[in-house]
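Novice: I need the structure of the sequence given here:
(chains A and B)
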Amino acid sequence: MLKSKTFVKKTRSGKVMKIVREHYLRDDIWCGSEVCSECKQESGVLQKDACIESNLCSYPHYLIPDTNVVLHQIDVLEDPVIRNVIILQTVLQEVRHRSAPVYKRLKDMLHEKEKHFYTFTNEHHRETFIEREPGESANDRNDRAIRVAAKWYSQHLKTFASHEDGLKVVLLTNDQGNKQKAEESGLLVYKCEEYVKSLIANPELVDRLALSDDDKNEITSAKLLFPEHLPLSRIQAGIKSGCFLQGTFRASRDNYLEATVFVQGEGEDSTEVLIQGLQNLNRAVHQDVVAVQLLPRNEWVAPTSVVLQDEGIAKDDDDNEEEEEKALKVTAAEAARRSTGKIVGIIKRNWRPFCGMLNVSQIKESTRHLFTPADRRIPRIRIETRQASTLAGQRIIVAIDGWPKGSRYPNGHFVRSLGGAGEKETEEEVLLLEHDVPHQAFSQAVLSFLPKMPWAITPEDMVMREDLRQLTVCSVDPPGCTDIDDALHCRDLENGNLEVGVHIADVSHFIRPGNALDKEAASRGTTVYLCGKRIDMVPALLSSDLCSLRSNVERLAFSCIWEMNHDAEILKTRFTKSVINSKASLTYAEAQMRIDDTAKNDDITKSLRGLNKLAKILKQKRIEKGALTLSSIEVRFHMDSETHDPIDLQTKELMETNSMVEEFMLLANISVAQKIYDEFSECALLRKHPAPPPSNYDILLKAAKSKDVEIYTDSAKALADSLDVAKVDGFPYFNTLLRILATRCMMQAVYFCSGMDSDFHHYGLASPIYTHFTSPIRRYADIIVHRLLAVAIGADSTYPELMDKHKQSALCNNLNYRHKMAQYAQRASVAFHTQLFFKSRGILNEDGYILFVKKNAIIVLIPKFGLEGTVFFDTKDKTIPKLVFDEEGPTLNVEQHTFRIFDKVKVTIRLDDSNIQHQKIRMALINPVIPGVSVPVPDVEPQAKKQKLDH
Amino acid sequence: MAGLELLSDQGYRLDGRKATELRKVQARMGVFAQADGSAYLEQGNTKALAVVYGPHEMRGSRSRTLHDRAVINCQYSMATFSTAERKRRPHGDRKSTEMSLHLKQTFEAAVMTQLYPRSQIDIYVKILQSDGGNYSVCVNAATLAVIDAGIPMRDYVCACTVGFVDETPLADLCYAEESGGVSSLALALLPRGGQIALLQMDARLHQDHLETLIEAAMTACKGVSKVLDDVVRQHLQEVSMLTGE
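Specialist: Numbering: from 1, shown residues only, chains lettered A, B, ... in the order given. Next up is the predicted model:
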């Protein structure tokens, strides 16, 4: 082994410091090829016959991409066709510095056996290490290092070449200078496009190529559409001096010419800056980190409440934009104006691959097409493809490569196709991808940590556990539930009190901290329930079998046992790990029937009645303390058993037993929260629900006032009480509507780490402390809480991450994000199934209530389906009626009729599939009749019974 | 910017070493003639000078005299030019006092002090260049100096730091690794008997990992002892050749 030293200079935070590091060079770094007999490696990663059909390189060869090729053409490299690639350490390190997501993808590829990717540690190899020469830039040095390594490989492999067509290495670079120098030193070098285009057998790979710089120039016209972005150095100087603000760009969902930049201030004060107009938006894409400059005060505008979508055919770049922006130029009241700015530069792009569909160009031979992302906040992307005809009507994924200043749209490239639009699998995949829900099958590494089957409880398992198998425990869940994570029991004690137990699946027994299974579960955060589909957080063996507390099998549990008197006052609380044997798994309806059936008097029923009685008292107490009962309509689809298409739609009904289970879960959660907080005041994982700021209630107050009802929002209790008495004669649905509105005023409940926050209050439940303990199969937060509680009662050992409040806090952020996304995905799935439902139903006429009044539309809620829809009054093809919007009401005057919140209307509902990407439920007004606005009552198609026979 | 990757997937560290490999150790004994014993030791870029006086009569306050063994007096200091930024280091600050104390404890365990009752042995160590593992380099240098002074010891005292990254113990940390948020542990060992003279750690580490970490530290210390032994033998050979003439 040879050792030598080099010296590296480096600057840090303004100060120039000389940093000296040792650098050892080795001669035991192997080349990784199967052919090589000189290197003493155990097994080569790179194959002997590395053949790929190419008309440039007909011989077997290995690829060496340079940094820019990896960064920009990662989609090509990820294709299964590309194998036998040498990733140099220089490249790997540069990628790591420049793009974390690409680095992660590259790492994943390196771990994949089938790809035959090999990392060559060239910086520590005796023969491939080079020192930076005086006057040489760091980039040049790295390029040279790559060339030197490629040279070494070609010479190294030559010694084993048995015949002419021996193995060779091919360097891929897009840099002209680098290519030339490499050619001079006798290397085989190609541009990435040249090489990919030469792959005869795989023409579709060409589409995945990202556009390189010179291609972009072709597309852009001479005219500059956008102002230049400032360089990073000037942005930084500007931010320091205060003339620019740094923030996250959030495009508006409804209006493509409007966006806000969220500027995170110190502590609580963060502001939003409004951006309006294409020029001011200046090529920022949703979620980018940008620098904004505030406009002078007299140019400030108010956010428009117009809904504007970038539709129609591809506009030429020199098209007149004024027309589009005209809609924005509405004079607004002085008061409504908000701080407005323009984007001067992009600090960090946050581009990800986007799902969407292709708008095929009108010209048949054209290879450039526009791509419309499913997410409306993302602009349309121009891509180049030769397979437009096949891709039309399919959902595809596209990545953005860049947005030159002369181009109306960003340029991108095709990544892969998901399948036909409108097909259920495709749409599900799209909504999972769009909501960033990890849904791949569990990897081998994860599955390897599952318990070996057949599994049985061993005596070692019993050491720390209480044997509760003889108790009459039962579970109550929705029908069809296979991941049962809670079970209950209730029995009389000799002293006349009651013993109530909540038994929760002991998932933390199976998922040990830090292993791949645990990491995967932590990253998924939650199980996602879509209509007719479940994306598990933990593999099915655990979620539906070993952890699920099914009836008549022995299962490990974590029990929370209270001694209560008949007034539901807790006298004693005890936590223990246990073994239980559930006697029955009931549905809510079954449990309800048992309670109501006076003839039944078995143990289970008695236990249920006891629970039910206590639950009612508990609920009463909770409501007295000011817990809110809010409302949102949840729907359930009746699925066809064969096609899994929705055939009927039903709003979920709540039974007494629902609230019975809920009550005890709340109680368990609160008890556990208190216990873990007492034990670990710095690192308990809790859940809080902040009180909403008073301004959130504006809409609710206005709405209530319009019906002469007073709502008090000073405290949760006042709100709950005033909601209870809010009633309007002859309008029974009013109360529910108010509760729906109140729900919209609330803040999100979030997980947090007790050491990082001081406000623990749960507003909705009116509890001073709360956590999640009762669903460890489907929520990762519960697993952490289980671990904390296990340590607190001495049943398990601790580990460092559990006690580190910063790591906990980071975990909480991920969990909150995943929960939010899961919720959105769930809603999107319901929306999609609603569409499917209406597709089969044709046109329906229904009664509905106005939930919101907007400037050019009303939003209508159909209680029967729990469906919300927008009725627009300014459709493009019709003459716009006279609209007068009054913000105080808020009311909207259309011709003669005035719309107010809560007005009852009749609408016709049908599926609008003219835009296949965004199939929408369209609503049109039938009643009240306004000439020119409302539509005549369409004939409702007879509900096609034959539909069922069709398939 | 992403932080440093301390251990690559291929198993190489920042400077190209593998997890268990030590830095290059070079040493010379008898560098000063006026002291009773002296040594200079480089471990990678960390360089230390150790000087030993004694055993001699108690100096200063006689009240510290021990009647059954010798008193060991240690003093640790860092040169102003030892780090990237030049910094005046006042004598007797907390850090160096602590380090002196650690050194003292280490050598009390190794030197056969009972042979020299009522006397004193002074060990002065100065770090000339610092690049991680200051304590262990000091111990290793001081061992050579004590041997050079001809003071009997139970065994070489060899020290090494070990850090814990990605479930892997890394031997002999350099400064970049030490400052990269690694929980590290310093161990001084009498290698032949496997006795621990000093074990010091002030970072958080899960109890389960402690065993493997100590194990790795012991192996590393044994590696150091081999190098030190070679240095001593080489030195003796040179000296005997000179005196033989």
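Novice: How far off centre is the helix or strand that contains residue A:108?
Specialist: Using DSSP states H and E, residue A:108 maps to helix A:100-111. Taking CA atoms, centre = their mean, to the nearest Å, one finds helix A:100-111 lying 20 Å from the centre of the chain it belongs to.
Novice: what are the pairing partners of the very next helix or strand once past that helix, and which direction each?
Specialist: The helix or strand immediately downstream of helix A:100-111 is strand A:117-120, counting by DSSP H and E. Strand pairing for strand A:117-120, using DSSP bridges, gives strand A:85-88 (parallel).
Novice: Can you check the distance spanned by stretch A:840-849, start to finish?
Specialist: One end of stretch A:840-849 to the other measures 24 Å (CA to CA, to the nearest Å).
Novice: give me the residue from chain B nearest chain A.
Specialist: Closest to chain A within chain B is residue B:16: 3.6 Å, counting by CB to the nearest CB. C-beta: built from backbone N, CA, C; applies to glycine.
Novice: What is the neighbour count of that residue?
Specialist: Using other CB atoms under 10 Å in any protein chain shown, residue B:16 has 22 other residues around it.
Novice: Flag every residue of the stretch 1-150 of chain A that's near chain B.
Specialist: Contacts of the stretch 1-150 of chain A with chain B, taken as CB under 8 Å from any CB of the partner chain, map to A:3, A:5, A:17-26, A:89, A:93, A:96-97, A:100, A:103, A:107, A:110, A:119, A:121, A:123-124.
Novice: what residues are up against the residue of chain B closest to chain A?
Specialist: Applying CB atoms under 8 Å, 6 or more residues apart in numbering or on different chains, one finds that residue B:16 lies in contact with A:23, A:24, A:25, A:26, A:121, A:123, A:124.
Novice: Most neighbours among the residues you listed, which one is it?
Specialist: When neighbours are counted by other CB under 10 Å, residue A:24 leads these with 24 neighbours.
Novice: Just give the closest residue to it, not the sequence neighbours.
Specialist: Of all residues not flanking residue A:24 in the chain, residue B:16 sits nearest, at 3.8 Å (CB to CB, 6 or more residues apart in numbering or on different chains).
Novice: Over to residue A:445?
Specialist: What sits nearest to residue A:445 in space, not counting adjacent residues and going by CB to CB, 6+ apart, is residue A:516, at 4.3 Å.
Novice: same deal with residue A:230?
Specialist: Among residues not flanking residue A:230 along the chain, residue A:345 sits closest, at 4.1 Å (CB to CB, 6+ apart).
Novice: quick revisit: and the residues of the stretch 1-150 of chain A next to chain B, which are buried?
Specialist: Buried subset of the residues of the stretch 1-150 of chain A next to chain B (neighbour count, 16 or more other CB atoms under 10 Å in any protein chain shown): A:3, A:21-26, A:89, A:93, A:96, A:103, A:107, A:110, A:119, A:121, A:123-124.
Novice: Those residues in strands, which ones?
Specialist: Per DSSP state E, strands hold the following members of those: residue A:119.
Novice: From the buried ones among the residues of the stretch 1-150 of chain A next to chain B, which land in helices?
Specialist: A:89, A:93, A:96, A:103, A:107, A:110 (DSSP state H).
Novice: Identify, from the residues you listed, the entry nearest to residue A:700.
Specialist: residue A:103 (47.2 Å; CB to CB).
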